[in-house]
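Just the structure for this:
(one chain, ligands or ions: 1)
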Amino acid sequence: MARNIGSQYTTERVLGRGSAGTVWLGRGPDGPVAIKVLREDLAADAELVERFAHERRTLLGLEHPRIVGVRELVIDEDGTDLALVMDLVRGTDLRAHLNRHRRLAPADAVALTVDVADALAVAHRAGVVHRDVKPENILLDATGPAPRALLADFGVAQLIDEPRRGTTSRVVGTPDYIAPEIVEGLPSRAPVDIYSLATVLYELLAGFTPFGGGHTGAVLRRHVTETAAPLPGLPDELWELLQQCLAKAPASRLRAAELASRLRGLQPALRGLPALDIESEEETAARGDRTAEENVEEPEAPRGAVALVRGSVSDPDRVTHTRMRVPDAEELAGGANGTARLPRTPGQRRAGSARHGAAERRRRLAMTLGAVLLAVALVVGGVLALA
Ligand SMILES: Nc1ncnc2c1ncn2[C@@H]1O[C@H](COP(=O)(O)OP(=O)(O)OP(=O)(O)O)[C@@H](O)[C@H]1O
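You can find the predicted model right below:
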């Protein structure tokens, strides 16, 4: 049902829902807009409303073709509505795009990443850190010949989470995309956005994030202790860039403008390359491999591998935005064995899988038998020589 937002806008129908509220297709004096109406409990939080009002200039001031512009901040006097009026993006978000395509050709993945890096370069220059770069916050404008990415929700995560940030025992963000320094309780500066964007790029190429899968604590630990598994078939230069932006040390990551320019430089060489021919364990299981593995008599040797169900691109229960406890030092150190999902080319066995284990056992048995036969032959030979 249409309702008025402030004196100038009306809502028409729901475009989507997020943790902070509902986004509506709306109408204003200059035509259609998107209106994010924040949840009632947030709108009723006087401190939060004040923070929004205070940050009004920042929210409204970021203007760039690759940033979803905020046109108006509506604060109802009676405290019922707190809404952001935004430019309407005609298309979809990157999460929906990824759900449909599973993984993108390197040139397409890089083109979208360049758009977001351009947006971040402008924001970082203005001293604004996004803090929640993820496919859900990247909108795709589908009105041109190829989709263009726009980064949405600047500053919103920060404003909403502010009161809880005083406590160092909590980290805020979306687990799969959160930078290691946030997990360690350090402040979020511009490099956190670069890390999250590199995670998105990895996901666009692989179909899954480098450190996702399993429960939130395991995901956080991997961000701090593990390195991303290489993606077979990815051109070396692109892999090097990805690794650099996924560096644990924030200072080692590229700045947004440099990332955009380096990626642009790679674009000609990527043209025409197909999407990577790799799959996650989840996809292997979907192809019926799991049944075969379960039929092998001995269970898989425990490696601590985490099921790939949660956090996968098609998981409707995916944790998208949450507050988490900062893992203690012991928990963070527990990742030495590595628990992240590893990319495999289709049909390739995972080291440690039951079938791989059975083959390994057969190989070891053959080697042992060979060694015994050799020893017997040497003894017999020695006895005969002495006789
Ligand atoms: N400016 C816009 N134009 C068109 N659609 C939009 C716009 N902003 C948001 N949407 C749609 O609304 C959906 C919900 O957006 P919202 O920002 O509330 O949540 P989210 O980013 O998906 O999740 P969360 O807020 O929990 O991190 C988006 O996924 C997108 O499909």
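
can you give me the strands for the stretch 101-250 of the chain?
Assigned by DSSP state E, counting those that start in this stretch, the stretch 101-250 of the chain shows strands spanning 138-141, 148-151, 170-173.

Quick check: neighbours of the first one in the sheet, parallel or antiparallel?
Within its sheet, and counting by DSSP bridges, strand 138-141 is paired with strand 91-93 (antiparallel), strand 148-151 (antiparallel).

Do any residues in the first one lie close to the ligand?
Yes. Counting by CB under 6 Å from any ligand atom, the ligand is contacted by strand 91-93 at D93. From N, CA and C alone the C-beta is placed, and that goes for glycine too.

same check, this time on the longest one
No. Counting by CB under 6 Å from any ligand atom, the ligand has no neighbours in strand 148-151; the shortest distance is 7.9 Å.

Contact partners for the closest residue to L197 other than its chain neighbours?
For L197, ignoring the flanking residues on the chain, the nearest one in space by CB to CB, 6 or more residues apart in numbering is V133 at 5.2 Å. Shown in contact with V133 (CB atoms under 8 Å, 6 or more residues apart in numbering): 116, 120, 151, 177, 193, 196-197, 200.

run the last query once more with 6 Å
193, 196-197 (CB atoms under 6 Å, 6 or more residues apart in numbering).

Enumerate every residue touching L73.
Here L73 is in contact with R56 (CB under 6 Å, 6+ apart).

Please repeat the previous calculation with a cut-off of 7 Å.
Listed by CB atoms under 7 Å, 6 or more residues apart in numbering, the contact set of L73 reads 52, 56, 59-60, 84.

ok, is the helix or strand harbouring E72 in contact with the ligand or not?
Following DSSP states H and E, one finds E72 within strand 70-75. No. Residues of strand 70-75 are not located near the ligand by CB under 6 Å from any ligand atom, the shortest gap being 9.0 Å.

Next, the buried residues of that strand.
70-74 (16 or more other CB atoms under 10 Å).

pLDDT and distance to P230 for those - can I get that in CSV?
Shown next, in CSV, are the buried residues of strand 70-75 (pLDDT from 0 to 100; distance: CB to CB, whole Å):
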residue, pLDDT, distance to P230
V70, 93, 39
R71, 93, 43
E72, 91, 46
L73, 91, 44
V74, 91, 48
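
Among the residues you listed, which one lies nearest to the ligand?
V70 (9.0 Å; CB to the nearest ligand atom).

hang on, that closest one packs against L60?
Yes. V70 is within contact range of L60, at 5.4 Å (criterion: CB atoms under 7 Å).

Now the residue nearest to L197, what are its backbone angles?
For V133, the backbone dihedrals (degrees, to the nearest 10) come out as phi -70, psi 120.

Tell me how many other residues surround D41.
8 (other CB atoms under 10 Å).

just checking, V85 is part of a strand?
Yes. Under DSSP: H, G, I helix; E, B strand; the rest coil, V85 sits within a strand.

Tell me the residues of this structure that contact the ligand?
Close to the ligand, as judged by CB under 6 Å from any ligand atom, the chain has residues 15-21, 23, 34, 36, 68, 86-89, 93, 136-137, 139, 152-153, 320-321.

try it again with 5 Å
Where the chain comes near the ligand, counting by CB under 5 Å from any ligand atom, the residues are 15-16, 18-20, 23, 34, 68, 86, 88-89, 93, 136-137, 320-321.

so which of these is the most crowded?
Most surrounded of these: other CB under 10 Å gives N137, at 27 neighbours.

Spatially nearest residue to that residue, not counting backbone neighbours?
D153 (4.6 Å).

okay, now that neighbour: neighbour count?
The burial count for D153: 24, using other CB under 10 Å.

One more: G28?
With other CB under 10 Å as criterion, G28 counts 17.

residues in contact with it?
Taking CB under 7 Å, 6+ apart, one finds 8-9, 85 in contact with G28.

who's in contact with T199?
Contacts of T199 (CB under 7 Å, 6+ apart): 176-177, 209-210.

Distance of D115 relative to I138?
The gap separating D115 from I138 is 8 Å, by CB to CB, to the nearest Å.

for A152, same thing?
7 Å.

all helices for the stretch 51-200 of the chain, in order.
56-61, 94-101, 106-125, 156-165, 180-183, 191-206 (DSSP state H, counting those that start in this stretch).

Give me whichever of the ones you listed is most buried.
helix 191-206 (a mean of 25; mean count of other CB atoms under 10 Å).

what pLDDT, on average, does it get?
Averaging pLDDT along helix 191-206 yields 98.

got any ranges where the stretch 201-350 of the chain has weak pLDDT?
Flagging of the stretch 201-350 of the chain using pLDDT under 70 yields the residue ranges 281, 287-342, 344-350.

hmm, back to that, now for the contacts of T199, which pair is the farthest apart?
Y177 and P210 (10.1 Å; CB to CB).

Mind checking which of those two has more residues around it?
Y177 (27 against 24).

Would you mind listing the residues in contact with the residue nearest to the more buried one when sequence neighbours are not counted?
Leaving aside its chain neighbours, Y177 sits nearest to S196 (4.2 Å; criterion: CB to CB, 6+ apart). Residues near S196 by CB under 7 Å, 6+ apart: 133-134, 177, 179.

Kindly recompute the last result at 10 Å.
116, 120, 130-134, 137, 173-174, 176-179, 182, 245-246 (CB atoms under 10 Å, 6 or more residues apart in numbering).
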